[in-house]
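Colleague: Sharing a model that was predicted from the sequence below.
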Amino acid sequence: MTRVYLARHGETDANAEGRVQGSLDPSLNERGRAQADTLADEVAALRLAALYTSDLRRAYETAEIVGERIGLALNVDDRLAESFRGAWEGRLLRDIEREEPEAWAAWRAGGADFRFPGGESLAEHSARVEAALAAIAAGPLPAVAVCHGGTIRCALAARRPEGLSSFNRIAVPNAALVELPG
């Protein structure tokens, strides 16, 4: 059976601090590189035909580690990038929650209409993720796409009856590997 898998990048310093990254482009930290190495071991058992990655450094570095282990070249697709989180990028989550309680509550509720202040909506993020996944599914399978927590949550939420309202109820730890539901 042919499959598409999604893998979240390894940890960055911003992840460890609870800082919003979005389209910011930090590298993996030491723990993130170790997580990527463990992910590579897990992915090796899948006998992949293709490996895709977001163009953001944290995903690309993770995918490089995986690709070296399994002997596959990277296919970069910027549609797999994390959402553009506008004015929230670079800020600590706890500060946003304290300083912007109404916007924070809207974020926690999720839904297709939620838009990051000055940034992308969940619906826009989801639409580009779905386009990327359709292209991946049309190519050689099985395949894995190394991407971001928000990207994976968009993909999984799109396959749930409650849609993007379930976005913030989906946990995706760093270096998690999930199979995309059929």
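Modeller: Thanks, I have it. Numbers count the residues shown, from 1 in each chain.
Colleague: Contacts only, for residue 92.
Modeller: Applying CB atoms under 8 Å, 6 or more residues apart in numbering, we find residue 92 in contact with 17-20. (C-beta placed from N, C-alpha, C; glycine too.)
Colleague: Now, these that are in helices?
Modeller: Secondary structure of the contacts of residue 92 is defined by DSSP state H; positions in helices are residue 17.
Colleague: Go through the contacts of residue 92 and name the one nearest residue 181.
Modeller: Distance from residue 181 was checked for each of the contacts of residue 92 by CB to CB. The minimum falls on residue 20, at 27.5 Å.
Colleague: residues of stretch 71-82 that come out buried?
Modeller: Under the neighbour-count criterion of 16 or more other CB atoms under 10 Å, stretch 71-82 has 72, 74-75, 77, 79-82 buried.
Colleague: now those as CSV including pLDDT?
Modeller: Formatted as CSV, those follow (pLDDT from 0 to 100):
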residue, pLDDT
72, 97
74, 98
75, 98
77, 98
79, 98
80, 98
81, 98
82, 98
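Colleague: where exactly do the strands run in the chain?
Modeller: Ranges of strands in the chain, per DSSP state E, are 4-8, 50-53, 74-76, 143-147, 177-179.
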